[in-house]
Every structure is written in structure tokens, then in C-alpha cells.
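Visitor: Just to be clear, the model below is a prediction. Sequence and coordinates:
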Amino acid sequence: AQKVTQAQTEISVVEKEDVTLDCVYETRDTTYYLFWYKQPPSGELVFLIRRNSFDEQNEISGRYSWNFQKSTSSFNFTITASQVVDSAVYFCALSEGHNTDKLIFGTGTRLQVFP
Amino acid sequence: SAVISQKPSRDICQRGTSLTIQCQVDSQVTMMFWYRQQPGQSLTLIATANQGSEATYESGFVIDKFPISRPNLTFSTLTVSNMSPEDSSIYLCSVLGLAGGNDFTDTQYFGPGTRLTVL
């Protein structure tokens, strides 16, 4: 059965620190997609990145980077030089097969960045 | 990405009443979904809103409690019926399959959510 585990419930850092949010997934499919979403205090869910199971290349977007490792079933998210505006709940999600209509979310990691 | 709006953004309701939440997209989309996020919890899919036909509900959710409409490719409503305090949640709509543009067509984009409190 599919499952997404975000073991870190809450992380607190001081501004400019680097922080890594862990995501471990379980699936029996060879084709799947992984996502990260950000939910700031206002409540909306903001899409950050999508990765398919055939693309293990790491990705960097500004201060954000993602490390996808199929060998450990992990899709970790690193914020470099964190800022107060990064404070949010971050969700990792999985969808199996070629369709992305069924998203399985992890329980989320609350990141607090203090000035 | 498309602009997705929800109305109301928040509401406080009395037990036993019903609330209808609207989701409007500025582009035609293939699929629309409704999620519930209980306080401090993750997101759970309620149902897929099907255009012109009955919604497809996930296990644990029923049409009598959460009737859904989708009259066209840009609009959907979710009604939370006969509310109890346990229905206090954020309700989010999402869309998949944006018409045109360079966005991923297989990425779900979410609306801003409706924060519901039931007293």
C-alpha cells in the first residue's frame, strides 16, 4: 500500500540556517510521482515541485533543493539560508501510476524560522 | 498556473446547519477535487467532482453529508450538511489538467481554502 512518512513533526531554526525536511515513501508501483507543497499560515497550499519516478536528478531552485533517492525511497527537501517567510507547514505527497488524481499526503512538517 | 478562488474564505456556523462552499477557476480544467484538512492534520480527499454527473466519493465520505456539484469545467460546490463540531476543518478544492499554458497538466493546484468552524 502507498504511504508517505514525514517523521519530523516540527523543526525550529534561526534565520540563515540550512534546514532539510525528510520524506520517505512506500509504493509498489514502478511509475509514480512525488510532490512537495507549502502551506503558510494563511492556509493555501502552494505547489513547489513534482518529480516522476524515472527522473532521479536532483533539482535546485533558488534557495530550495530536492534530493530524490529511489534506493532509500526518499525525497528530501532542503532550504538554504532560511528566512522568516519560509515558516510554514510543508507536505510531501505521492501519486501512483500515470495518473496524478490520487494524492497521498504525508502528515506535514511545521517549519518555524526565527529572526 | 490558474487562479483558483473559494468562497467563503471562512465561516462560523451553528450545529445542524449546512454550508455551501464554492470553487471557481479562471481556466477550464479536466478534474476538480475536494479535500478536508482537520485541525493540525494532513489533507484527506473527500471526492472527485465530475462534470455533469455524480461525484466519486472516497471511503468514509457520503453524498448525503457532502453533496457536490460541478455544472461546468470551471466551477464546483461542496456542501457540508447537518454540521457538527467534528466538521470544523479547512476545506480545499484542487484542480488538475489546466487547459493550455506551460504548467504541468498532471499537477494538482489548490485553492486558498475555506476555514470552517462549527459551534
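Guide: Done, it's in.
Visitor: May I see the buried residues of the helix or strand where residue B:117 lies?
Guide: Residue B:117 belongs to strand B:114-118 when assigned by DSSP states H and E. Within strand B:114-118, the residues scored as buried using 16 or more other C-beta atoms under 10 Å in any protein chain shown are B:114-116, B:118. No exception for glycine: its C-beta is placed from N, CA and C like everyone else's.
Visitor: Please apply the same query to stretch A:18-34.
Guide: A:19, A:21-25, A:27, A:32-34.
Visitor: who in chain B is up against chain A?
Guide: B:1, B:31, B:33, B:41-45, B:48, B:90, B:92, B:94, B:96, B:104, B:106-113, B:115 (C-beta under 8 Å from any C-beta of the partner chain).
Visitor: Specify the beta-bridge partners of the residue nearest to residue A:87 when sequence neighbours are not counted.
Guide: With sequence-adjacent residues excluded and distances taken as C-beta to C-beta, 6 or more residues apart in numbering or on different chains, residue A:87 is closest to residue A:113, at 4.9 Å. With DSSP bridges as the criterion, residue A:113 is bridged to residue A:13.
Visitor: Pull the number of nearby residues for residue A:113.
Guide: 20 (other C-beta atoms under 10 Å in any protein chain shown).
Visitor: mind listing what it touches?
Guide: A:12-15, A:17, A:19, A:82-87 (C-beta atoms under 8 Å, 6 or more residues apart in numbering or on different chains).
Visitor: where does residue 21 land on pLDDT?
Guide: Since no chain was named, I'll use chain A. pLDDT for residue A:21: 98.
Visitor: my bad, the chain I had in mind was chain B
Guide: 98.
Visitor: Return the distance of stretch A:85-105 from the chain's centre.
Guide: Distance, stretch centre to chain centre, for stretch A:85-105: 8 Å (C-alpha atoms, centre = their mean, to the nearest Å).
Visitor: Indicate the residue of chain A located nearest to chain B.
Guide: Here chain A gets closest to chain B at one residue, residue A:45, 3.8 Å apart by C-beta to the nearest C-beta.
Visitor: Show the contacting residues for the closest residue to chain A within chain B.
Guide: Per C-beta to the nearest C-beta, residue B:110 is where chain B lies closest to chain A, at 3.8 Å. Applying C-beta under 8 Å, 6+ apart to residue B:110 gives the contacts A:37, A:44-47, B:4, B:35, B:92-94.
Visitor: what's the answer for residue B:118, then?
Guide: B:12-15, B:83-88.
Visitor: ok, now how distant is it from residue B:78?
Guide: From residue B:118 across to residue B:78, the span is 15 Å (C-beta to C-beta, to the nearest Å).
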